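In: Any chance you could fold what I've pasted below:
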Amino acid sequence: MTILVAMLDPPREGLVLPGLADSVLTPAEVVDLYRAMAKDLLRAGADSGGDLLVNYRPDDLLAEPHRRAKPSEEAVRELAAEALDEEELEETRFEVQVGSSYDARVGNTVTHLLEREEASSVAVADPVAPLLGRKNLDSAAMKLRRRDVVLGPASDGRVYYAAFADPIDFAGAYAVPEVDTLAARARDAGLDVDFLPESVAVHEPTDLRTLLACVDARRRAGRGVPTHTAAFLADLPVYITERSGKRVLVRD
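Out: Residues are numbered from 1 along each chain as shown. I've put the predicted structure just below:
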């Protein structure tokens with residue numbers, strides 16, 4: 001079974017989703033959006049056929065302004081408890097991230113699970129792509145039976161999901177553009193690569209507009225939506241319009 005590693009930060013203002021700092025959202029709303037997307041990621045992981053591991057950044061890996069009285073682990077566990085039932089929470093592993101960079105933290109976790117714990121495959125996802133649901137995770141797990149690496153591409157060359165049946169050289173593996181760099185590292189290691197359909201990963205205000213439109217469209221069409229993120233967006237007093245030939249997100 002594929003182990004899904006959810007890379008979480010404690011939900012604190014100024015720390016999570018920094019690319020939305022100049023959006024129409026307030027700092028508190030940015031945190032609430034992160035919380036909603038994190039809960040949808042955990043929910044998808046629990047509903048899929050694999051195991052769930054929450055890999056959180058401890059306070060000693062955070063810059064001084066983002067350290068709080070409540071420990072990082074406690075904040076992340078409380079967030080997980082809002083998404084999972086008691087039994088699921090007991091079955092979920094919580095481990096601290098180790099490494100000075102994102103590449104190192106992902107690499108340390110993936111390599112340890114594959115080589116030391118002999119996991120069949122390991123997937124990594126940040127809580128930025130709430131349309132990554134259980135069906136997508138199960139589809140990726142099926143692809144990993146035939147391929148060594150599966151990537152989920154997002155806009156601007158980013159990735160919203162990366163899974164490995166064999167380790168790669170992770171040093172600088174998430175250099176821009178991430179999807180191409182990861183694919184190149186996989187091929188350098190002689191590994192076969194496959195892809196999930198492109199999806200929305202929320203990093204910039206433009207991504208937020210895309211997510212809002214996609215979730216609204218799926219709701220109108222009677223298709224599944226990420227529960228927590230959809231509820232947050234439904235209550236958000238913003239809408240997409242066109243001004244001076246540009247699409248913008250504005251508040252009511």
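In: For the stretch 1-150 of the chain, give me the ranges with low pLDDT.
Out: 66-67, 69 (pLDDT under 70).
In: would you list every one of the helices in it?
Out: Under the criterion DSSP state H, counting those that start in this stretch, the stretch 1-150 of the chain contains helices at 27-47, 72-83, 86-91, 102-111, 134-143.
In: Quick one: the strands in this structure, in order.
Out: Under the criterion DSSP state E, strands of the chain are mapped to 2-8, 51-56, 93-96, 121-125, 149-153, 159-164, 193-195, 238-243, 246-251.
In: For these, state which one has the densest average packing.
Out: strand 159-164 (a mean of 26; mean count of other C-beta atoms under 10 Å). Backbone N, C-alpha and C define where each C-beta goes, glycine included.
In: how far off helix 27-47 does that strand point, in degrees?
Out: Counting by axes from the mean of the first three to the mean of the last three C-alpha atoms, to 10 degrees, strand 159-164 lies at 30 degrees to helix 27-47.
In: name the helices or strands packed onto strand 159-164?
Out: Strand 159-164 is packed against strand 121-125, helix 134-143, strand 149-153, helix 178-188, with contacts defined by 3 or more C-beta pairs under 8 Å, 6 or more residues apart in numbering; DSSP states H and E.
In: can I get the strands of the chain in a markdown table with distance to Gly172?
Out: Shown next, in a markdown table, are the strands of the chain (distance: least, C-beta to C-beta, whole Å):
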| stretch | distance to Gly172 |
| --- | --- |
| strand 2-8 | 17 |
| strand 51-56 | 20 |
| strand 93-96 | 23 |
| strand 121-125 | 16 |
| strand 149-153 | 16 |
| strand 159-164 | 14 |
| strand 193-195 | 18 |
| strand 238-243 | 36 |
| strand 246-251 | 34 |
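In: so which of those strands comes closest to Ala38?
Out: strand 2-8 (5.9 Å; C-beta to C-beta).
In: I'd like to know which elements the closest one is packed against.
Out: Using 3+ C-beta pairs under 8 Å, 6+ apart: strand 2-8 touches helix 27-47, strand 51-56, helix 102-111, strand 121-125, helix 134-143.
In: Just the CA coordinates for it, please, in PDB.
Out: Provided in PDB are the C-alpha atoms of strand 2-8 (Å, rounded to 0.1, in the frame of the first residue of the first chain):
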ATOM      1  CA  THR A   2       1.100   3.600  -0.700                       C
ATOM      2  CA  ILE A   3       1.900   5.700   2.400                       C
ATOM      3  CA  LEU A   4       0.500   9.200   2.000                       C
ATOM      4  CA  VAL A   5       2.800  11.800   3.700                       C
ATOM      5  CA  ALA A   6       0.800  14.900   4.400                       C
ATOM      6  CA  MET A   7       3.400  17.800   4.800                       C
ATOM      7  CA  LEU A   8       1.800  20.100   7.300                       C
END
